[in-house]
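J.: give me coordinates for this.
(one chain, ligands or ions: 3)
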Amino acid sequence: MGKNTTITDLPENLPEHIGFIMDGNGRWAKKRMMPRKFGHVEGAKTFKKIVRYCRDIGIRCISFYAFSTENWKRPDDEVHAIMNLFRQYIDECRQYFLEETRIVFLGDKSVLADDLRQKMIDIENDTKDYHEMTLLLAINYGGRDEIVHAAKTAALKVKSGEISADDITEDLFSRYLYTADYPDVDLLIRPSGEMRLSNYLIWQCAYSEFYFSDVLWPDFTPDELKKALVEYAGRSRRFGGV
Ligand code: IPE
Ligand code: IPE
Ligand code: MG
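T.: Residues are numbered from 1 along each chain as shown. Ligands and ions are numbered 1, 2, ... in the order given. Below is the predicted model:
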C-alpha cells in the first residue's frame with residue numbers, strides 16, 4: 001500500500017460511524033525529547049488528514065476523543081496548549097463548509113472558556129444543515145458524565161409530567177445523550193497500544209467492533225485506517241443473535 005493509498009481497494013462493507021481515541025501524542029513527543037504539547041500539535045495534523053480521508057471514502061459519521069473529563073488532571077500548560085489547538089482548529093475548519101460537513105461537539109461545554117464555548121456554538125450553528133458527513137468532536141467528554149446528564153434530563157421530565165417513568169426505554173434514554181441524532185459506534189479505533197475505552201462513548205460502544213494498534217496517534221495514517229476497515233469488514237457482528 002505505502003504512499004499510494006487509493007480508495008478503490010476498500011471493502012464494500014464500511015462502518016457508518018467510526019470512533020477514534022486519539023492517543024499517544026505525549027509518548028510521540030517524549031520519544032523525540034520534545035515537550036508533550038508538540039505531540040498534540042502533530043496529533044492535530046493527523047486528525048485533519050484522517051477527517052479528510054474519511055470524507056473522501058464516504059464515511060457518514062466520525063467521532064474523535066479530543067479531551068476527556070479526566071484530562072483536566074494534566075499540567076496547566078498542557079491543558080492550555082490543547083485548548084488553544086481547539087480554538088485554532090475551529091477557526092480553520094470553516095473550510096469544511098464547502099464539503100457539507102456538520103460539526104457537533106460531545107461533552108459538557110459549560111466549564112470551558114467563554115470564547116472557546118462561543119466558537120463551538122457558532123460552528124455548530126453554521127454547519128447544522130450539512131448532512132453529507134458529521135464530525136463529532138468530544139471535548140470535556142466523559143461517558144459516565146454523559147449518562148448522569150441524560151439521567152438528570154429524564155428525571156426532570158418525569159418531575160414536570162412531560163413523560164412518565166415507564167416511558168423511559170433505551171431508545172428514549174439515548175435521545176438524551178449528546179449523540180442523540182447519531183448512530184452507535186460501529187468501529188472503535190484506539191492507537192498507541194492501550195486497550196481500554198477510557199470513558200469514551202461507553203453507551204454507544206455497547207456492540208462496537210474494536211481495533212487496537214500500536215502506532216502512536218501522530219504516526220497514524222490513512223493506510224492504518226484502511227487496515228482497520230479491512231479487518232472490520234471481515235468481522236461477524238451478531239448483536240447477541242446467532
Ligand atoms: C492523547 O494523547 C491526547 C489527549 C488525551 C488530549 P496523550 O496526551 O494521552 O498521549 P500519551 O498517552 O501520554 O502518549
Ligand atoms: C483518552 O486518553 C482521552 C483522549 C484521547 C482524549 P488518555 O490518555 O487520557 O487515557 P488513559 O489515561 O491512558 O486511560
Ligand atoms: Mg494517553
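J.: how many neighbouring residues does the residue of the chain found nearest ligand 2 have?
T.: Here the residue of the chain nearest ligand 2 is Ser198; by C-beta to the nearest ligand atom that distance is 3.6 Å. (Glycine included, C-beta is placed from N, CA and C.) When neighbours are defined as other C-beta atoms under 10 Å, Ser198 has 15 of them.
J.: hey, where'd the helices end up in the chain?
T.: 25-31, 36-56, 76-92, 114-126, 143-160, 170-174, 222-234 (DSSP state H).
J.: will you turn those helices into a markdown table that also has mean neighbour count and distance to Ser68?
T.: Converted to a markdown table, the helices of the chain look like this (neighbours: other C-beta atoms under 10 Å; distance: least, C-beta to C-beta, whole Å):
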| stretch | mean neighbour count | distance to Ser68 |
| --- | --- | --- |
| helix 25-31 | 19 | 13 |
| helix 36-56 | 19 | 14 |
| helix 76-92 | 15 | 11 |
| helix 114-126 | 14 | 16 |
| helix 143-160 | 15 | 9 |
| helix 170-174 | 12 | 21 |
| helix 222-234 | 17 | 22 |
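J.: let me have the ones you listed in JSON lines, extended by mean pLDDT and distance to Gly240.
T.: Shown next, in JSON lines, are the helices of the chain (pLDDT from 0 to 100; distance: least, C-beta to C-beta, whole Å):
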{"stretch": "helix 25-31", "mean pLDDT": "98", "distance to Gly240": "36"}
{"stretch": "helix 36-56", "mean pLDDT": "97", "distance to Gly240": "28"}
{"stretch": "helix 76-92", "mean pLDDT": "97", "distance to Gly240": "38"}
{"stretch": "helix 114-126", "mean pLDDT": "97", "distance to Gly240": "35"}
{"stretch": "helix 143-160", "mean pLDDT": "98", "distance to Gly240": "21"}
{"stretch": "helix 170-174", "mean pLDDT": "98", "distance to Gly240": "13"}
{"stretch": "helix 222-234", "mean pLDDT": "97", "distance to Gly240": "19"}
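J.: can you add distance to ligand 1 and give these back as JSON lines?
T.: Written out in JSON lines, the entries for the helices of the chain read as follows (distance: least, C-beta to the nearest ligand atom, whole Å):
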{"stretch": "helix 25-31", "distance to ligand 1": "3"}
{"stretch": "helix 36-56", "distance to ligand 1": "6"}
{"stretch": "helix 76-92", "distance to ligand 1": "5"}
{"stretch": "helix 114-126", "distance to ligand 1": "15"}
{"stretch": "helix 143-160", "distance to ligand 1": "15"}
{"stretch": "helix 170-174", "distance to ligand 1": "26"}
{"stretch": "helix 222-234", "distance to ligand 1": "16"}
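J.: appreciated, that's everything.
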